[in-house]
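Enquirer: okay, predicted coordinates and the sequence, questions at the end:
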Amino acid sequence: WPGNVRELENVIERAVLLSKDKYIGPADLPDSIKQDQSQQQKTYKLLSLKEALAEPERNLIRQALEANHWNRQETAKALQINRTTLFKKMKHYGLYAEAEQLGLS
């Protein structure tokens, strides 16, 4: 998807609301995202598994930190990982610096 998550949600919501069929199809999508197959293949970059999983993992850790009021022990427990592992991942994803900026480290 070329845009952000909110844009994707809006496009899907609009397609569902405006679709006359039981299923949404290419005709229900805006022209701006209908590209020919060859153009899509040119702009697509194959990611490694590590790269592809990095953003969802970072988002999940951040959400868990927020849900636990940035309490790292409770967050590690909620994620079912070791606290040391959480610290390393926070540092790797820049979340430790974010906690420091919030005065939570």
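Expert: It's in.

Enquirer: quick one: the helices in the protein?
Expert: Taking DSSP state H, the helices of the chain run over residues 5-18, 37-43, 49-67, 72-79, 83-92, 95-101.

Enquirer: give me the contact list for the last one.
Expert: This means helix 95-101. With CB atoms under 8 Å, 6 or more residues apart in numbering as the test, helix 95-101 has contacts from 58, 61-62, 65, 70, 87, 89-90, 105. The C-beta positions use only the backbone N, C-alpha and C, and glycine is treated the same way.

Enquirer: before we move on, back to that, in JSON lines: the helices of the chain, plus mean pLDDT, mean neighbour count and distance to Asp31.
Expert: Shown next, in JSON lines, are those (pLDDT from 0 to 100; neighbours: other CB atoms under 10 Å; distance: least, CB to CB, whole Å):
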{"stretch": "helix 5-18", "mean pLDDT": "86", "mean neighbour count": "12", "distance to Asp31": "12"}
{"stretch": "helix 37-43", "mean pLDDT": "53", "mean neighbour count": "8", "distance to Asp31": "13"}
{"stretch": "helix 49-67", "mean pLDDT": "93", "mean neighbour count": "13", "distance to Asp31": "28"}
{"stretch": "helix 72-79", "mean pLDDT": "96", "mean neighbour count": "17", "distance to Asp31": "42"}
{"stretch": "helix 83-92", "mean pLDDT": "96", "mean neighbour count": "15", "distance to Asp31": "40"}
{"stretch": "helix 95-101", "mean pLDDT": "80", "mean neighbour count": "14", "distance to Asp31": "38"}
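
Enquirer: between those, which one is closest to Leu29.
Expert: helix 5-18 (5.9 Å; CB to CB).

Enquirer: for Arg72, see how far away Asn82 is.
Expert: Asn82 is 11 Å from Arg72, where distance means CB to CB, to the nearest Å.
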